[in-house]
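Novice: task: produce atomic coordinates for the following.
(one chain, ligands or ions: 1)
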Amino acid sequence: MTSMIGRPRASVAELPAYKPGKAATEAEQEHGIANAIKLASNEGPWGPLPSVQEALATNSLAINRYADPRAADLRAAIGQWVGVEANQVTVGCGSVGLIQQLFLTYVDPGDEVLYPWISFEVYPMFTQLMAGVAINPELSDHAVNLDAVVAAVSKKTKLIILANPNNPTGTAFSVRAMAKFLGSVPSDIVVVLDEAYHEFMDPALGDSIPELLAQFDNLVVLRTFSKAQGLAALRIGYAVASAALVATIDRTALPFAVNGQAQVAALGSVAAHDEVMERVQIIRNERDRMVATLRQQGWTVPASEANFVYLPLAERTTPVHLELEKAGLVTRPFPGVGLRITVSQPEDNDRVLAVLDGIEPD
Ligand SMILES: Cc1ncc(COP(=O)(O)O)c(C=O)c1O
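Specialist: Numbers count the residues shown, from 1 in each chain. Have a look, this model is predicted:
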C-alpha cells in the first residue's frame, strides 16, 4: 500500500480499495493470451442503441457548457416513464453516486446500517467511510432473508439496504414480500431497494415503484442506466421515492454530478425502452440457458433474476476463476465464497460453458 499524505480520517486510512472487475487486456497480458472477454462487472455486451449514439454525437457540440444541474428534462421523462411525479425522481453519478448521497444524508458515526451479506461491496465501503456500524444478517440459501433483516433492526438503525436481485448471488424476492417487510420496519428508517438489475427480473415478481411507493414514504428505489441500457461508462443512475425523501437526498448532491452526455443518452434510452427490452430478453434467455446447462453439468447454481450467474464455490472459487481466466474469460471471484459470471452474447456464454464442462463440478 502506498503511504498517505497528511492526516486522513481514521475511516479513510483503514478503507480497503474498491476492486473493479479486471479488464480483458490486463488478463491477456497476464496470461499471454488473446481474445479475452470481460464478464466481471455485469455490463451489457452491446454499445448504445443507434438512436442513442446519434443523440450523443449531436450533443457533443455543446460540451463546453455545463449541463442542467437538476437534469430537469430527464427527471420529468423518468417520472412519466415509471408513473410518478417529476419531484419524486432524482439522478446521480451512477446509482453508486446516489448510494453515496444516501450515506452522506443519513449516516452519522455510530449509526447502524443494515444490509444482508454477501451483497454489493460498496455498502461496507460507505458504511466504513461514514464511521457507521455494519449489521449483516446472513443469506439463506444464497437469498436475502427478510425475516432475518427485520430481526436485526434496532433503535440505532438508520439505513437498510437491500439489493434485489442480490449481487453477487442473483436471487430475488417479490414486491409482495417487500410490502410485508416494509410494514414491519419503523417508518423513520430509510429503506433502500437497490434494483440495479430490475429489467432482468421476472415481471411476475412485481414492480416496486407503482406497488409500494405510494404507501411507504421511507422507501427509495434505486435503478441504473448502466446495465440493461448499456450506459455504464456514462455513469448515470436514478432514485424514485416520496417527494420529501428526494428533496432530502438532493441536499447532498455533488453539483453537476450527472454530465450532459449522460443526460442525453438516458433520455434517448427512456424513449427507446422497447428496444432496450428486446436486448434484455436475449440476455434473460441466455441466462436461463446457462443456469440449466450448468446444473446439467453438475454445478450448484442459485436461480438468477439478474444478468449474471453465481457459483457458490467456497474454497474452489479461486482455482476455478483462474482456470476460466487462463481461457480468456475474466469473471468476478469472491474468494472463499463464490464466483459471479456476467451473462453475455451466446458465443461468449458458450465459451464459459465449455470451460466449466471440462472442470469437475462441486
Ligand atoms: C447491486 C448494485 N447496485 C448498484 C450498482 C452500481 O451501478 P451504477 O453503475 O449505476 O453505479 C451495481 C453495479 O455493479 C450493483 O451491482
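Novice: quick one: end-to-end length of stretch 323-331, please.
Specialist: Between the start and the finish of stretch 323-331 there is a gap of 10 Å, counting by Cα to Cα, to the nearest Å.
Novice: partner residues bridging Leu219?
Specialist: The partner list for Leu219 in beta bridges (DSSP bridges) reads Val191.
Novice: number of residues surrounding it?
Specialist: Residues within reach of Leu219, counting by other Cβ atoms under 10 Å, total 25. Placement of C-beta: from N, CA and C, glycine included.
Novice: check what pLDDT it gets.
Specialist: Looking at Leu219, its pLDDT stands at 98.
Novice: do the same with Ile63
Specialist: With respect to pLDDT, Ile63 has a value of 88.
Novice: with the one 4 residues further on instead?
Specialist: Listed pLDDT for Ala67 reads 95.
Novice: now Ile249: how far from Glu211?
Specialist: Ile249 sits 22 Å away from Glu211 when distances are taken as Cβ to Cβ, to the nearest Å.
Novice: do Thr252 as well
Specialist: 28 Å.
Novice: quick one on the thing from earlier: of Ile249 and Glu211, which one has the most company?
Specialist: In this view Ile249 and Glu211 are compared by other Cβ under 10 Å, and Ile249 has more residues nearby, 20 against 14.
Novice: mind listing what that one touches?
Specialist: Taking Cβ atoms under 8 Å, 6 or more residues apart in numbering, we find Ile249 in contact with Thr90, Leu98, Gln101, Leu102, Thr105, Val220, Ala239, Ala241.
Novice: taking those one by one, which sit in strands?
Specialist: By the criterion of DSSP state E, membership of the contacts of Ile249 in strands covers Thr90, Val220, Ala239, Ala241.
Novice: so the last one sits right up against Leu222, yeah?
Specialist: It stands for Ala241. No: counting by Cβ atoms under 8 Å, no contact exists between Ala241 and Leu222, whose distance comes to 9.3 Å.
Novice: between the two, which one's more packed in?
Specialist: Between Ala241 and Leu222, counting by other Cβ under 10 Å, Ala241 is the more crowded of the two (27 against 24).
Novice: how about the spatially closest residue to the more buried one that is not a sequence neighbour, what does it touch?
Specialist: In space, and not counting its chain neighbours, Ala241 is closest to Val220: 4.0 Å by Cβ to Cβ, 6 or more residues apart in numbering. The contact partners of Val220, by Cβ under 8 Å, 6+ apart, come to Leu102, Val190, Val191, Val192, Leu193, Ala239, Val240, Ala241, Leu245, Ile249.
Novice: Val220 and Leu193: what is the separation?
Specialist: Spatial separation of Val220 from Leu193 under the definition Cβ to Cβ is 7 Å.
Novice: same check on Gln345?
Specialist: Distance from Gln345 to Leu193, by Cβ to Cβ: 30 Å.
Novice: the two: which is more packed in?
Specialist: Set side by side, Gln345 and Leu193 show more neighbours around Leu193, with 27 against 14, by other Cβ under 10 Å.
Novice: name the element that one belongs to?
Specialist: Secondary structure from DSSP states H and E places Leu193 in strand 190-194.
Novice: put the alpha carbons of that strand into CSV.
Specialist: Coordinates of each C-alpha in strand 190-194 appear next as CSV, following Å, rounded to 0.1, in the frame of the first residue of the first chain:
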residue,chain,number,x,y,z
VAL,A,190,-34.9,4.8,5.3
VAL,A,191,-35.1,1.6,3.3
VAL,A,192,-33.1,1.5,0.1
LEU,A,193,-34.2,-1.0,-2.5
ASP,A,194,-31.2,-1.3,-4.9
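Novice: per-domain residue ranges of this protein.
Specialist: Structural domains assigned to the chain are 10-47+274-357, 59-272, following automatic domain parsing.
Novice: mind putting those domains into TSV with distance to Gln53?
Specialist: Compiled in TSV, the domains of the chain are given as follows (distance: least, Cβ to Cβ, whole Å):
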stretch	distance to Gln53
domain 10-47+274-357	7
domain 59-272	9
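Novice: most packed of these?
Specialist: Ranked by mean neighbour count, these are led by domain 59-272 with a mean of 19 (mean count of other Cβ atoms under 10 Å).
Novice: and that one, how far from the chain's centre?
Specialist: Per Cα atoms, centre = their mean, to the nearest Å, the displacement of domain 59-272 from the mean C-alpha position of its chain is 9 Å.
Novice: coming back round to it: so is the strand holding Leu193 next to the ligand?
Specialist: Yes: Strand 190-194 is in contact with the ligand by Cβ under 6 Å from any ligand atom, via Asp194.
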